[in-house]
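Undergrad: structure for the following, please:
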Amino acid sequence: MNSPSLAVSIGPLDLRNPVLTASGTFGLGHEFADLVDLSAIGGVVTKTVTMNERIGNPPPRTMESAGGMLNSIGLMNPGWDGFVERTLPKVAALPCPFILNIAGKSEAEFVELSRRAGELAEVAALELNLSCPNVSGGLDFGRDPVAAEQIVARCVEASGLPLMAKLSPNVEDVVPIAQACERGGATAVSLINTFLGTAIDWRARKTIFARGIAGVSGPAIKPMALLAVFRTSQAISIPVVGIGGIASATDVLEYLVAGATAVQVGTACFLDPAMPVTIAVELRRLLQSEGIEDIRALIGSAHPSQPKHVASATPRAVNQAEVSEK
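TA: From the prediction side, this is the model:
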């Protein structure tokens, strides 16, 4: 058979294959351009950029855990001006789409960052970080459907770019939030950001992370992330980008069969920055061995053949009062 097609589309954004890097795990993309063949993957999603420079949370910021890691970085980044001055010239030469992840302290900041991003030819799409658990107020826009719909609608209008809304699992049910983002005009939703967790130093009788909490990522969260993708993709008509514990081509195909159109590789990049490329190469081999000519034929193939619905809510991770404090 001919070489299988790996091409997928997220709205108007065409990708050579469904493998993207996850925000926060691959820098701003250009740092790896001399180490990894970025022409072999679908695209790069950047570390979050905010309006003003952020130094991040006090160390320690990362810690290994069983089946993954915890992180509490705190959105460390150079701010918009630093990004434009120092990073933008370097990403212009990247051989794959550059997807800019942004976060604002207020709705107005989200909208203004979206407007500015829309003026940059180097930016192929936006990802709104509505779900960071490691900063104060990081979940304010991602836990309420009304707020999520409004901020997505305003950012879509301001930017004119394809827009993905990155959502949190740390809510009672992520499905209504995703539906609100669709109503607001989002091109896609990214599922999921990290689960809340912590680590304890029992000798010191205190939490290891200064804020007391951290985000849990890696293979340990894959079953929950996969369930979120499976349920949500049946409840909305826009693409879902799957995130959580992806470390192999088999993982990618599981997410696609569950309903994802594309995926983001995150924690695995810390083990091997070339992991997204390795996965993309293995994807082609796997499809060829199975006689699958077009990867799009797998998307959502595990869905029941009945009208879109969600049988029950996704598991509750934390109560609403706890979420509002993070």
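
Undergrad: OK, contacts around Val44?
TA: Val44 makes contacts with Leu20, Thr21, Phe26, Gly29, Leu38, Leu94, Cys96, Pro97, Phe98, Ile99, as judged by C-beta atoms under 8 Å, 6 or more residues apart in numbering. Glycine gets a C-beta too; all of them are placed from N, C-alpha and C.

Undergrad: what phi and what psi does the backbone show at it?
TA: When read as degrees, to the nearest 10, the backbone of Val44 gives phi -110, psi 130.

Undergrad: what helix or strand does the residue in the chain sticking out farthest from the centre sit in?
TA: What lies farthest from the middle of the chain is Arg203; by C-alpha atoms, centre = their mean that is 35.6 Å. Counting by DSSP states H and E, no helix or strand carries Arg203.

Undergrad: what are the phi and psi values at it?
TA: Torsion angles, degrees, to the nearest 10, at Arg203: phi -70, psi -40.

Undergrad: state the pLDDT value of it.
TA: pLDDT, Arg203: 97.

Undergrad: ok, what's across the strand from Ile243?
TA: The partner list for Ile243 in beta bridges (DSSP bridges) reads Gln264.

Undergrad: my understanding was that it contacts Phe195; is that so?
TA: No - applying C-beta atoms under 8 Å as the test, Ile243 and Phe195 come out as separate, 11.7 Å apart.

Undergrad: now Glu157. Nearest residue, chain neighbours left out?
TA: Gly185 (7.8 Å; C-beta to C-beta, 6 or more residues apart in numbering).

Undergrad: my guess is Ile236 contacts Ile177. True?
TA: No - with contact defined as C-beta under 8 Å, Ile236 does not count as touching Ile177 (10.4 Å).

Undergrad: between those two, who's got more neighbours?
TA: A count of neighbours by other C-beta atoms under 10 Å puts Ile177 above the other of Ile236 and Ile177, at 27 against 21.

Undergrad: mind checking the SS state of the residue nearest to Glu157?
TA: coil (DSSP: H, G, I helix; E, B strand; the rest coil).

Undergrad: returning to what we had before: Ile243 and Phe195 - which one has more neighbours?
TA: Ile243 (32 against 22).

Undergrad: quick check: pLDDT value at Ala313.
TA: Looking at Ala313, its pLDDT is 37.

Undergrad: check Leu35 too.
TA: Leu35 is given a pLDDT of 88.

Undergrad: try the one 5 residues further on
TA: At Ala40 the predicted local distance difference test score is 96.

Undergrad: ok, it to Ala165 distance?
TA: 27 Å (C-beta to C-beta, to the nearest Å).

Undergrad: same check, this time on Gly68
TA: 24 Å.

Undergrad: surely Val252 touches Leu283?
TA: Yes - contact status for Val252 versus Leu283: in contact at 6.1 Å, counting by C-beta under 8 Å.

Undergrad: what about the two, which has more around it?
TA: Neighbour tally, Val252 and Leu283, criterion other C-beta under 10 Å: the higher count belongs to Val252, 27 against 22.

Undergrad: find the nearest non-adjacent residue to the more buried one, please.
TA: Val263 (5.2 Å).

Undergrad: how close does the nearest residue to Thr278 once chain neighbours are set aside get to Gly215?
TA: By the measure of C-beta to C-beta, 6+ apart, the closest residue to Thr278 outside its immediate chain neighbours is Asp272, 7.2 Å from it. For Asp272, the distance to Gly215 equals 21 Å [C-beta to C-beta].

Undergrad: now Ile295
TA: For Ile295 relative to Gly215 (C-beta to C-beta), the value is 29 Å.

Undergrad: among the two, which residue is more densely surrounded?
TA: Shown here are Ile295 and Gly215; by other C-beta under 10 Å, Gly215 has more neighbours (26 against 22).

Undergrad: residue contacts, the closest residue to Glu254 other than its chain neighbours?
TA: Of all residues not flanking Glu254 in the chain, Leu226 sits nearest, at 6.4 Å (C-beta to C-beta, 6+ apart). Applying C-beta under 8 Å, 6+ apart to Leu226 gives the contacts Gly242, Gly244, Glu254, Tyr255, Ala258.
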